[in-house]
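Q: next come a sequence and a model predicted from it.
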Amino acid sequence: GIQVEQSPPDLILQEGANSTLRCNFSDSVNNLQWFHQNPWGQLINLFYIPSGTKQNGRLSATTVATERYSLLYISSSQTTDSGVYFCAVANYGGSQGNLIFGKGTKLSVKP
Amino acid sequence: NAGVTQTPKFQVLKTGQSMTLQCAQDMNHEYMSWYRQDPGMGLRLIHYSVGAGITDQGEVPNGYNVSRSTTEDFPLRLLSAAPSQTSVYFCASSYSRGNTIYFGEGSWLTVV
């Protein structure tokens, strides 16, 4: 099946700093989503981005499907950005039609 | 819209007991799924459904059973609970299999 690797596994930032989270995947995909899990365990969908670039406020994401990676950018980080960020991928029509999740990047933003 | 609703939020079971985790969505989504989350393992798919009356196994289906009699509901049954099933369980839904997925708030299950 498709392998999903996220880096770095842990990241500590000072409030106001910028960061880039990476998601590498081992096979072609036609579905890629980014999620934020807050400290209370709630999973929030950030982006549906199988290719291209999207922006939502201080967050943006870019997926280069041909090179099998996606990046999540967080600018001017806030303490509320803390939590775990997951990347999930799928290939409908291939052998892996359901979302496969990476193990996440744990982000801690210090005031 | 309530979105995806899971109950109960917390549950403690004894080994060998059975129970059902409830999941309901009010978005008329065809695709529903159950994941479990364990420390350091990310989320792993247990079972999924692409529509009423259709279910299939995911990555870790053993010890779990599902049914989908209506579009709205997708309960997950633990047949005979084992300590290895201690986990956080998430139900999710999307309009169809390839669309944006939305999660419930999770159910924390402890098997002693």
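A: Structure received. Small disclaimer: the values here were computed from a predicted structure and weren't measured.
Q: all contacts plus neighbour counts: C-alpha atoms, from now on.
A: Noted.
Q: spit out the contact partners of residue B:112.
A: Contacts for residue B:112 (Cα atoms under 8 Å, 6 or more residues apart in numbering or on different chains) come out as B:12-15, B:82-83.
Q: for residue B:85, same thing?
A: Counting by Cα under 8 Å, 6+ apart, residue B:85 touches B:109-111.
Q: backbone torsions only: list them for it.
A: phi -90, psi 0 (degrees, to the nearest 10).
Q: likewise residue A:81?
A: Residue A:81 adopts backbone torsions of phi -80, psi -10, taken as degrees, to the nearest 10.
Q: helix or strand with the lowest mean pLDDT in chain A?
A: Lowest mean confidence among the helices and strands of chain A (mean pLDDT, DSSP states H and E): strand A:100-101, at a mean of 94.
Q: now the residue in chain B positioned nearest to chain A. Nearest residue, chain neighbours left out?
A: For chain B and chain A, the shortest gap (Cα to the nearest Cα) falls at residue B:42, measuring 4.3 Å. Nearest residue to residue B:42, sequence neighbours excluded (Cα to Cα, 6 or more residues apart in numbering or on different chains): residue A:103, at 4.3 Å.
Q: can you list the residues of chain A near chain B?
A: Contact residues (Cα under 8 Å from any Cα of the partner chain) of chain A with chain B: A:31, A:33, A:41-45, A:48, A:86, A:92, A:97-98, A:100-104.
Q: related to what we said a few turns ago, got the contacts of residue B:85 as CSV, with distance to chain A columns?
A: Below are the contacts of residue B:85 laid out as CSV (distance: Cα to the nearest Cα, whole Å):
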residue, distance to chain A
B:109, 14
B:110, 16
B:111, 19
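Q: where do the strands sit along the chain?
A: Using chain A. A:4-7, A:10-14, A:19-25, A:31-37, A:43-48, A:52-56, A:59-64, A:69-74, A:83-90, A:100-101, A:105-110 (DSSP state E).
Q: wrong one, I was asking about chain B
A: B:4-7, B:10-13, B:19-25, B:31-38, B:42-51, B:54-57, B:64-66, B:76-78, B:87-94, B:102-103, B:107-111.
Q: I'd say residue B:91 and residue B:23 touch.
A: Yes: between residue B:91 and residue B:23 there is a contact at 6.3 Å, judged by Cα atoms under 8 Å.
Q: find the closest residue to chain B in chain A.
A: Closest point on chain A to chain B, by Cα to the nearest Cα, is residue A:103, at 4.3 Å.
Q: give me the pLDDT for that residue.
A: Reported pLDDT at residue A:103 in the predicted model: 95.
Q: list the contacts for it?
A: Residue A:103 sits next to A:4-6, A:9, A:86, B:40-43 when contact means Cα under 8 Å, 6+ apart.
Q: ok, and the most crowded of the residues you listed?
A: Using other Cα atoms under 10 Å in any protein chain shown as the neighbour criterion, residue A:86 leads the contacts of residue A:103 with 27 neighbours.
Q: bridging residues for residue 7?
A: By default, I'm working from chain A. residue A:22 (DSSP bridges).
Q: meant chain B, my bad for not saying
A: Applying DSSP bridges, one finds that residue B:7 bridges with residue B:22.
Q: what is the neighbour count of it?
A: Around residue B:7 there are 17 residues (other Cα under 10 Å).
Q: and the pLDDT at residue 98?
A: As the question left the chain open, I've gone with chain A. On pLDDT, residue A:98 comes in at 86.
Q: my question was about chain B, not that one.
A: Reported pLDDT for residue B:98: 82.
Q: please consider this matter closed, and thank you.
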